[in-house]
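Trainee: my questions concern the predicted model and sequence given below.
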Amino acid sequence: MTGICKSFPGVKALDMAELTLMPGSVHALMGENGAGKSTLMKCLFGVYRRDDGSVLLSGREVEFKSSREALEAGVAMVHQELNQALKLSVADNIWLGRYPKISRYFPLVDEKKMQGMTRELLSGLGIRISPTAKMSTLSVSERQMVEIAKAVSYGARVIVFDEPTSSLSEGEAQKLFGIIGKLKADGCGIIYISHKMAEIMRICDTVTVMRDGRHIATAPSSELTTDKIISLMVGRELGSRFPERKNKPGEVLFEARGLSGVNPRLKDATLTLREGEILGIAGLDGSGRTELLEGIFGLTELSGGEMYLSGEKIRNRNPREAISRGFALLTEERRRTGIFGILDIRENSTVSSLGKFTSFLFLRDSKRSEATRENIHAMKIKTPSERAKISTLSGGNQQKVILGRWLLTDPKVLLLDEPTRGVDVGAKYEIYTLIGKLAEAGRGIIVVSSEMPELLGICDRIAVMSGGRIAGEVDPGRTTQEEIMTLAAKYI
Amino acid sequence: MPEINEDRERNDGFFVKLLSGARERIDGFRSLPREDKARRVREFLLNNAMYIIIITAVIIIAIIEPRFISWASIINIISLTAAKLPIALGIGGAIVLTGTDISAGRAVGLTACIGASLLQMTGYSAKMFPNLSTMPVFIVLLAVMAVGAVIGLINGFFVAKFKLHPFIVTLSTQLIIYGAILLYLQIGNNGGQTLSGLDSSYLDFVSGPLFRVAGIAVPRYVLFSVIITAIMWVIWNKTTFGKNMFAVGANEEAANVSGVNVFKTIVLVFVLAGIMYGITGFIEGARIGSIASYTGQNYESDAIAACVIGGVSFVGGTGKISGIVIGVLLLQIIFVGLNFLSVDQNMLYIIKGAIILLACAVDMRKYLVKR
Amino acid sequence: MKRNLILYILIFAVCILTVGTALTSCGRRGDEVSVFYYTYSDTYISGVRSAMDAGLRRAGVGYHNYDAGSNQTTQTEQVDTAIAKGTTMLIVNIVDTGSDDAARTIVEKARAADIPLIFFNRSVSEEIVKSYDKCIFIGTDYEAAGHMQGEMIAENILANYDKYDINGDGKISYVLFKGQQGNAEAEARTKYSVEDCNALLSEAGRPELMFYDKNNKNGYIVDQDGNWSNAAANNSMKTILSGYSEAGGNMVELVIANSDEMALGAIAALAEAGYNKEGGRVIPVFGVDATEGAVAKIRDGFMTGTVKQDGVGMAEAIVKVTENILGDMEALSGIDEAMVIGGWRINIPYSLYTGDDAE
């Protein structure tokens, strides 16, 4: 791809972007959110029409009008958010739209043949999933594998991975890397989009960095370091990836004893949280981390255990009770349970604290706008006004708006589930700073994260969950990733 | 620097601000490259297609048939709009929740029946309750609002508690209410007949003249509609309940996490809608002079159409009271206007359907990903 | 982009449609009379409408038709609109016949605007019509239809008694489709058809008709939607035939319908069960209206008789009166005096149709 340009009203999203992919290699495409990675890929797949530039596939100029056309030409994409027919089977999802027929004159779907072909395909890739399993019963990582298998079934020569590991556990990611290695050995070219430095350094051969829609640099990964890549992405040297911590843990603020949920993923979890403390929770996907936070917040029902806030026994039967006691929950899936995409920033910010802005039964819009503007200013949210729709903001800015929503409720205990998922490097740093400041003000903070360096970088203490229990606690200053991984596997 | 600007803006009069805003927009538009200009114009035309069609239509109709803009005709359109506004305002809330309410028409029918039966004049031969002296109008109004609220409570409860789609819930309640209407009309002296012989206190209270323009009376229910619209505007925009309604409509799960009482919000939206149906039913009785089992039938379809034309989207979480008012008004202008043009009644249905379809398509376009 | 294009085309199409239909009706602009039909879905009324359209066009009178869709509210609003438009005359086929108030409301509106008013077909009480000097009713003596139907049924049964009495119990069991609750025509037809028939049967020494279902004390089946519809009668008849049959010895031996639409619905259900069709036994079915469909069935021998409600005659009378009023002449001039009752109404006579007199 050379000289790709694409303009949107008022913005030049791509300006002479380029990318060259060799067969049998893994090519990382990096850049902050908004750097133009997704736009470049959308131009490749015909979601957008490029204004200028050319795309050559094995030396032939191509211009796909839809991702379907691209797929048929052997260019496939595994999306960050999988778009699959969840109610159908694995085989259905792979062969959808081109079901094998019994014969030309008897065009009914040949189930048997389809199952066979699917089994062959999956075993060829070393994936162990039944072709007849329903998609909805599979984990995210398994669904991703199905998507990869689908791409392979089309004879794909170029496969684009868009943040494939963002919702995978460490073990699942390992499996994925294995498959990527296999694809590479088979001569596929792979474009790998991710924010995670460690995995880029591990599996990629070449790295291309983009910034502001421009091509910045392409180099073999062996010649690059994490800090070098970050400085290329940000366009400046970052002093450190994590801000300095100034918070001082104080008295015990919150205690949970033997919490278990109606959902069997959470059983017998015990933890304490101090005032002004940042407590990290590590663990594999499915270890009950999210369920623990949701249970504390009253979002899912608890079947046993006790909770104490400042020594007083409490029970949160629903989120409203939790909020009134000073809890706040930043959920993992921002789009599904966090933002009100169709509403503006002001509505998104004040939805949990409307009582504060009411006088004589009526809401005072001027006060709401004022509070929202203060949030925008304090958190450096990039937006033209407080009345802009939240869906027009980048992931990091959306996350800041939701954090701001909770700050307006003046919470004592903040429960943050993957606070930096889908957030670019620059915004991540700002969110870490915010978390630090909140702890400084004496609030207790629990951070669930799959990114080990993040936990090690910002937490005072890390509790590791395994099989719905707290398997142990470590001091981030002295522990290693190996120790955490061992704990995480304790109750499996 | 920005502070100084703000100060100046505050000192300037509203009008000056408006003017400078307009000038800024025009300048901004001029500075755009030609392609962008064309695109802007296209966008503008598409986004306001409904308004453009209507304004053009009004002008054309007025040229062909000048009586269309006579006082008699204007007051007719305003009265029709006022009569249909409360029900649309009620359904609007259900649509904001990504739902709908097809029991609205029957709810209007039942409340109208109850209201009319309690307000028949004494001594009327076919009076449903012959021994009942005519009740105070205001008490009856409260009673029918309460009946409407109960219907809404049932609808809302099933939607919120069992997570049923409002379409299914109201499809069922609609039948139940119709059965209740038929049973109710069998009570006492009535024997399934049309309810009439309405007391003059009731007729005057609802459709008596408010004031006269050029000798043509504006009925009182126009005032009712204005008051109800104002109240609904305050509820939608200035109360916690209103904001919660939009939050639930935009993203129910996020609303729950954010501490919104989703159950209460959904139930209240339907209860409020039910009260609106009660008011519509109350107006209906006096406006038409008689109430029968078919009263209110299919009212919801026009109300839903008006909401959609007015930009209350089935996507959920969006909609304005002003939009609903405009939607109802536009629909009435279309109907009356086409009759003024002596458009064949058969074609009328076709045009009505086409306009609603078009409005939905234009509306949906705003929420689709732009390419 | 493609989507926008489609939208443009759509918008354009709607504009063309609207303007086009407006322009085609432009020729009729000027003074016009407004005709309000209770519903376009009624076959008989549609027949009247066609005849009236033709008649008004021939007379050179501009007109505009309104469809109330069986809803009095809609009709009252349409009257408002027509008056606001400056119509010269209101010709109303009222929806609500259950009470006087709907008609009274319309009379008051006409009086306020000083516009002549003709009610037609669906009955309006004498008191209401007489309350406004520019008001007249053109319809039928609706009681007569019931009487005539009863007489026709009795004569027919007496001539074929043994053939009709399928189970040989000496009695004729029947079903009656009423059409609508609370409608004066329906009430009268229901009452008189059976009463008169029974009277004649008794006179001839035969037992009275017996309603097929002893538990139904009403002695009729009603269209719950009040639409006198083919479909509702068809559904009811199918349900009946699933429980009553020749084999069970309780077959329904006579069908009386208050309209031909319902009669045809019943015949369709009978045909499905093997009756009233080529090679099947014919159960006598009687209707009212003499619609095209019913006349054809009678000619083929699958329906027995109907009372002809002269739609064309009614339309002609309305057109004549309209012309008179618009021409500042005596409203009733040129109308057969035998049809004029008490100066306030014109009754269009009924006639029987049993196929015997078919040309």
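Mentor: Received, thanks.

Trainee: would you point out which residue of the stretch 1-150 of chain A is nearest chain C?
Mentor: The stretch 1-150 of chain A approaches chain C most closely through residue A:49 (9.1 Å), counting by CB to the nearest CB. The way it works is simple: take the backbone N, C-alpha and C, and place the C-beta from them, glycine included.

Trainee: name the nearest residue to that residue, sequence neighbours excluded.
Mentor: Sequence neighbours aside, residue A:43 is the residue nearest to residue A:49 in space, at 7.5 Å (criterion: CB to CB, 6 or more residues apart in numbering or on different chains).

Trainee: quick check: the one you found vs residue A:54, distance?
Mentor: Distance, residue A:43 to residue A:54, by CB to CB, to the nearest Å: 11 Å.

Trainee: quick one, which of these two is more surrounded?
Mentor: Taking other CB atoms under 10 Å in any protein chain shown, residue A:43 and residue A:54 do not tie; residue A:43 has more neighbours (25 against 12).

Trainee: wait, a helix at the more buried one?
Mentor: Yes. Counting by DSSP: H, G, I helix; E, B strand; the rest coil, residue A:43 is located in a helix.

Trainee: residues from the stretch 251-400 of chain A in reach of chain B?
Mentor: By CB under 8 Å from any CB of the partner chain, the part of the stretch 251-400 of chain A that sits against chain B consists of A:297, A:299, A:319-320, A:322-323, A:329, A:331, A:336-343, A:347, A:350-352, A:354-355, A:358, A:361-363, A:365.

Trainee: and the residue nearest to residue A:49, what pLDDT?
Mentor: Reported pLDDT at residue A:43 in the predicted model: 82.

Trainee: same check, this time on the one 10 residues further on
Mentor: According to the per-residue confidence, residue A:53 scores 82 in pLDDT.

Trainee: again, but for the one 3 residues further on
Mentor: We have a pLDDT of 85 for residue A:56.

Trainee: you'd agree it is up against residue A:62?
Mentor: Yes. Using CB atoms under 8 Å, residue A:56 is in contact with residue A:62, at 7.3 Å.

Trainee: circling back to that earlier point, quick one: the residue of the stretch 1-150 of chain A closest to chain C from residue A:63, how far?
Mentor: 8 Å.

Trainee: can you check residue A:74 too?
Mentor: Distance from residue A:74 to residue A:63, by CB to CB: 15 Å.

Trainee: likewise for residue B:197?
Mentor: Separation of residue B:197 from residue A:63 (CB to CB) stands at 76 Å.

Trainee: middle-most residue in chain A, spatially?
Mentor: By CA atoms, centre = their mean, chain A has its centre lying nearest to residue A:421, at 3.8 Å.

Trainee: returning to that earlier point: give me the more crowded residue out of residue A:74 and residue A:63.
Mentor: residue A:74 (16 against 13).

Trainee: with adjacent residues omitted, what lies nearest to that one?
Mentor: residue A:157 (4.3 Å).

Trainee: how about that neighbour, what does it touch?
Mentor: A:23, A:57, A:58, A:74, A:75, A:187, A:188, A:189 (CB atoms under 8 Å, 6 or more residues apart in numbering or on different chains).

Trainee: again, only using 7 Å
Mentor: A:23, A:74, A:188, A:189 (CB atoms under 7 Å, 6 or more residues apart in numbering or on different chains).

Trainee: same deal with residue A:14?
Mentor: Applying CB under 7 Å, 6+ apart, we find residue A:14 in contact with A:4, A:5, A:6, A:36, A:39, A:40, A:43, A:213.

Trainee: contacts (any at all) between chain B and the host helix or strand of residue C:201?
Mentor: Residue C:201 is located in helix C:184-203, with elements delineated by DSSP states H and E. No. Judged by CB under 7 Å from any CB of the partner chain, helix C:184-203 makes no contact with chain B; its nearest approach is 10.6 Å.

Trainee: run the chain-centre distance for that helix.
Mentor: Mean-position distance between helix C:184-203 and its chain equals 18 Å (CA atoms, centre = their mean, to the nearest Å).

Trainee: can you give me the buried ones in that helix?
Mentor: Across helix C:184-203, burial judged by 16 or more other CB atoms under 10 Å in any protein chain shown covers C:184-194, C:196-198, C:200-201.

Trainee: quick check: chain neighbours aside, which residue is closest to residue C:137?
Mentor: Nearest-residue entry for residue C:137: residue C:345, 4.1 Å, with adjacent residues in sequence omitted and distances by CB to CB, 6+ apart.

Trainee: quick check: that neighbour vs residue C:140, distance?
Mentor: According to CB to CB, residue C:345 stands 10 Å off from residue C:140.

Trainee: please identify which of the two sits among more neighbours.
Mentor: Ranked by neighbour count (other CB under 10 Å), residue C:345 and residue C:140 place residue C:140 first, with 24 against 20.
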